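Asks: how would this look folded up:
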Amino acid sequence: MVHVIVRHKVSDYSKWKQVFDAYLNHRMAAGETGFRVFQSIEDPRDITLVLDWEGLDSARRFMKSDDVRHTMQNAGVVGDPEVNYVQDAVTVRRTSAD
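Replies: Numbering: from 1, shown residues only. Model (predicted):
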């Protein structure tokens with residue numbers, strides 16, 4: 001599976017989250033299959049996203065689109081986001097039975 005890790009600061013988390021949530025159908029139509037949102041403990045405006053994608057090409061095409069850049073600006077993203085593309089190498093899920 002391909003993952004896109006995006007890190008950026010936002011001016012207002014609540015405003016950013018509303019725009020992020022409203023953009024769900026666009027992300028899904030482009031190939032996103034799931035996501036996680038993380039906030040820094042030290043600075044809750046410092047956001048890290050882990051977005052799951054069907055494939056690398058669709059993820060790159062989406063992340064490089066003018067529409068995504070415009071939406072990020074409207075959501076209050078401060079500066080340029082840091083974007084990294086990674087794939088699963090090893091996955092371990094722990095349970096209380098381990």
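Asks: burial of residue 75, as a residue count?
Replies: 19 (other C-beta atoms under 10 Å). All C-beta atoms are positioned from the backbone trio N, CA, C, and that covers glycine.
Asks: so what's it closest to, chain neighbours aside?
Replies: The shortest distance from residue 75 to any non-neighbouring residue, by C-beta to C-beta, 6 or more residues apart in numbering, is to residue 19 (3.7 Å).
Asks: ok, now residue 46?
Replies: residue 40 (3.7 Å).
Asks: give the contact list for the one you found.
Replies: Residue 40 makes contact with 46, 47, 48 under the criterion C-beta atoms under 8 Å, 6 or more residues apart in numbering.
Asks: which residues of the chain fall in strands?
Replies: 2-10, 32-39, 46-53, 77-87 (DSSP state E).
Asks: what pairs with the first one, parallel or antiparallel?
Replies: It stands for strand 2-10. Paired strands of strand 2-10, with direction, are strand 46-53 (antiparallel), strand 77-87 (antiparallel) (DSSP bridges).
Asks: can I get the ones you listed in TSV with mean pLDDT, mean neighbour count and distance to residue 30?
Replies: Shown next, in TSV, are the strands paired with strand 2-10 (pLDDT from 0 to 100; neighbours: other C-beta atoms under 10 Å; distance: least, C-beta to C-beta, whole Å):
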stretch	mean pLDDT	mean neighbour count	distance to residue 30
strand 46-53	98	18	8
strand 77-87	97	12	14
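Asks: could those go into TSV alongside distance to residue 70?
Replies: Shown next, in TSV, are the strands paired with strand 2-10 (distance: least, C-beta to C-beta, whole Å):
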stretch	distance to residue 70
strand 46-53	17
strand 77-87	11
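Asks: rewinding a little: as TSV, the strands of the chain with distance to residue 60 would be great.
Replies: Below are the strands of the chain laid out as TSV (distance: least, C-beta to C-beta, whole Å):
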stretch	distance to residue 60
strand 2-10	8
strand 32-39	13
strand 46-53	9
strand 77-87	7
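Asks: is it true that residue 11 touches residue 74?
Replies: No. Using C-beta atoms under 8 Å, residue 11 is not in contact with residue 74, being 11.2 Å away.
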